[in-house]
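Enquirer: Structure of the sequence below:
(one chain, ligands or ions: 2)
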Amino acid sequence: MNEHRPRIAVHKFASCDGCQLALLNAGEAFLELTRLADIVHFAEAGWYEPAAAVDIAFVEGSISTPEDVERIRAVRASARHLVTIGACATAGGLQALRNGLTQSADWLAAVYASPEYVRSLPDSQPVAAHVAVDVELWGCPVTTEQVLAATGDLLRDIAPAILAEPVCVQCKQRGLACVLVSRGEPCLGPVTRGGCGALCPAVGRACYGCFGPAGLPNTAALARRFEDLGLRREDIARRFLFITPAAQPFRDASRRYQDPERE
Ligand code: SF4
Ligand code: SF4
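Expert: Ligands and ions are numbered 1, 2, ... in the order given. The predicted model follows:
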């Protein structure tokens with residue numbers, strides 16, 4: 001093996017594997033990447049060397065068990081750049097909906113056939129809660145373009161540019177009719193980070209926030225707009241918790257509507 005070739009690893013934690021598909025779905029571009037760099041660990045694709053030292057470690061999934069905590073520390077120690085990919089790794093993911101709830105024995109027994117084997121942390125946590133993260137790529141899932149662009153930048157020692165503008169900007173760029181204004185749909189696009197190309201509004205659906213909070217999101221103003229649309233307080237509280245419930249701005253917005261005393 002040429003020792004000057006960059007080395008890349010892809011690690012999985014608590015997740016659905018969808019973000020790893022962003023790499024596999026790259027097709028020819030992924031094959032080109034394997035010509036430029038050594039993929040030394042990517043279990044889903046057949047490479048298995050989890051302890052290998054690498055230039056870039058991509059991490060999918062949230063930290064949900066004591067074993068995950070040990071493993072992510074080892075990944076951090078082995079990587080020059082650690083890049084989280086997707087809502088689970090950057091913000092705890094869907095599984096963070098359980099955060100703050102008491103996991104009673106009844107609750108576990110209702111979900112799992114053998115609850116005695118379940119050993120999890122009280123919360124599903126983003127990777128950054130445990131180790132330093134160099135780049136966070138948001139989305140559920142991330143796009144192939146995001147992952148390839150970040151890979152190319154890091155291999156050239158350039159800091160990847162991460163979009164902070166909201167989905168609304170991408171709607172305007174594509175000339176899409178606004179589903180919030182024209183149809184009264186409770187769209188989270190004004191407070192959600194762009195990057196998907198306004199995928200949902202493009203097919204007439206409201207954004208549900210899978211790319212996490214945009215820069216400086218005005219969740220209070222959007223929540224008032226949802227009230228004007230007739231949404232009940234509990235529906236507004238849930239609306240901010242769909243995919244990235246552990247992301248602070250969305251969690252705070254939701255809490256304001258769960259607890260009227262905080263308004
Ligand atoms: S459809 Fe949603 S994302 Fe698009 S402009 Fe309207 S509010 Fe913004
Ligand atoms: S429009 Fe919103 S929910 Fe749909 S893919 Fe984009 S960020 Fe995710």
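
Enquirer: Okay, the closest residue to ligand 1 within the stretch 101-250 of the chain and Pro122: tell me how far apart.
Expert: Going by CB to the nearest ligand atom, ligand 1 is nearest to Gly189 of the stretch 101-250 of the chain, at 2.0 Å. (Glycine included, C-beta is placed from N, CA and C.) Distance, Gly189 to Pro122, by CB to CB, to the nearest Å: 32 Å.

Enquirer: quick one, which of these two is more surrounded?
Expert: For Gly189 versus Pro122, neighbours defined as other CB atoms under 10 Å are more numerous around Gly189 (28 against 12).

Enquirer: contacting residues for the more buried one?
Expert: Pro166, Val167, Cys168, Cys171, Leu180, Ala198, Pro201, Ala206, Cys207 (CB atoms under 8 Å, 6 or more residues apart in numbering).

Enquirer: now swap in Leu24 and tell me
Expert: Phe30, Glu44, Ala45.

Enquirer: now, which of the residues you listed sits nearest Arg73?
Expert: Checking these against Arg73 with CB to CB, the nearest one is Glu44 at 22.1 Å.

Enquirer: Provide a list of residues in contact with the closest residue to the closest one other than its chain neighbours.
Expert: Excluding its sequence neighbours, the residue lying closest to Glu44 (CB to CB, 6 or more residues apart in numbering) is Gln20, at 5.0 Å. If you count contacts by CB under 8 Å, 6+ apart, Gln20 has them with Val10, Lys12, Phe42, Glu44, Ala45, Glu60, Ile85.

Enquirer: Tell me the buried residues within those.
Expert: Val10, Lys12, Phe42, Glu60, Ile85 (16 or more other CB atoms under 10 Å).

Enquirer: What ranges does the stretch 51-200 of the chain have for its helices?
Expert: Under the criterion DSSP state H, counting those that start in this stretch, helices of the stretch 51-200 of the chain are mapped to 66-78, 87-91, 105-111, 144-155, 167-174, 179-183.

Enquirer: buried sites along the fifth one?
Expert: Residues Val167, Cys168, Gln170, Cys171 are the ones in helix 167-174 that count as buried (16+ other CB under 10 Å).

Enquirer: Which positions in the stretch 101-250 of the chain make contact with ligand 2?
Expert: Within reach of ligand 2 by CB under 6 Å from any ligand atom, the stretch 101-250 of the chain has these residues: Val167, Thr192, Cys196, Ala198, Leu199, Cys200, Cys207, Tyr208, Gly209, Cys210, Phe211.

Enquirer: Next, give phi and psi for the last one.
Expert: When quoted as degrees, to the nearest 10, the phi and psi of Phe211 stand at phi -90, psi 10.

Enquirer: show me the contacts for it.
Expert: If you count contacts by CB under 8 Å, 6+ apart, Phe211 has them with Ala87, Trp138, Gly139, Cys140, Val167, Thr192, Arg193, Gly194, Gly195, Cys196.

Enquirer: Pull out the buried residues from these.
Expert: Of these, these count as buried by 16+ other CB under 10 Å: Ala87, Trp138, Gly139, Cys140, Val167, Thr192, Arg193, Gly194, Gly195, Cys196.

Enquirer: near ligand 1, which residues of the stretch 51-200 of the chain?
Expert: Val167, Cys168, Cys171, Leu176, Cys178, Val179, Leu180, Cys187, Gly189, Pro190, Ala198.

Enquirer: could you redo the last one with a cut-off of 5 Å?
Expert: Counting by CB under 5 Å from any ligand atom, the residues of the stretch 51-200 of the chain close to ligand 1 are Val167, Cys168, Cys171, Cys178, Val179, Leu180, Cys187, Gly189.

Enquirer: now those in TSV, with distance to His130?
Expert: Listed next are those as TSV, based on distance: CB to CB, whole Å:
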residue	distance to His130
Val167	29
Cys168	33
Cys171	36
Cys178	39
Val179	38
Leu180	37
Cys187	33
Gly189	31
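
Enquirer: Closest to Ala159 out of those?
Expert: For these, the closest approach to Ala159 (CB to CB) belongs to Val167, at 23.4 Å.

Enquirer: how close does the closest residue to the closest one other than its chain neighbours sit to Trp47?
Expert: The shortest distance from Val167 to any non-neighbouring residue, by CB to CB, 6+ apart, is to Gly189 (3.7 Å). According to CB to CB, Gly189 and Trp47 sit 38 Å apart.

Enquirer: Fine by me, thanks again.
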